[in-house]
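Trainee: give me a model of this one.
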Amino acid sequence: MAAEPDQLILIKSLFLQMGAPEGQAEKMASQLLKRAAQIALDRDIAIVEAVEILLRQVVEAQQGS
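Mentor: Numbering: from 1, shown residues only. Presented below is the predicted three-dimensional model:
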């Protein structure tokens, strides 16, 4: 996966496309990356896998609303 600043930009752009305001999108992307790092450590998985898990949950939650 891309370096963390690039990951932040990509995830932020996803949140923007989903309708989040600029500042909120950046904060949510940053929080998602932090949580992904925690999950990766806890589950002994790659961070890219943890990011995928979280993004999938975000998309599913948005589709359900």
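Trainee: in the protein, what spans have low per-residue confidence?
Mentor: Scanning the chain for pLDDT under 70 picks out 1-3, 65.
Trainee: helix or strand right after the longest helix seen in it?
Mentor: In the chain, with assignment by DSSP state H, the single longest helix is helix 22-43. Scanning forward in sequence from helix 22-43 by DSSP states H and E, the next helix or strand is helix 47-64.
Trainee: packing partners of that following helix?
Mentor: helix 4-17, helix 22-43 (3 or more Cβ pairs under 8 Å, 6 or more residues apart in numbering; DSSP states H and E). Using the backbone N, CA and C atoms, a C-beta is placed for each residue, glycine as well.
Trainee: buried ones in that helix, by neighbour count?
Mentor: 47, 50-51, 53-54, 58 (16 or more other Cβ atoms under 10 Å).
Trainee: would you reformat these as JSON lines and include distance to Lys12?
Mentor: Below are the buried residues of helix 47-64 laid out as JSON lines (distance: Cβ to Cβ, whole Å):
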{"residue": "Ile47", "distance to Lys12": "17"}
{"residue": "Ala50", "distance to Lys12": "17"}
{"residue": "Val51", "distance to Lys12": "13"}
{"residue": "Ile53", "distance to Lys12": "18"}
{"residue": "Leu54", "distance to Lys12": "14"}
{"residue": "Val58", "distance to Lys12": "12"}
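Trainee: Pro21: how many residues sit nearby?
Mentor: As a burial measure, Pro21 scores 10 neighbours (other Cβ atoms under 10 Å).
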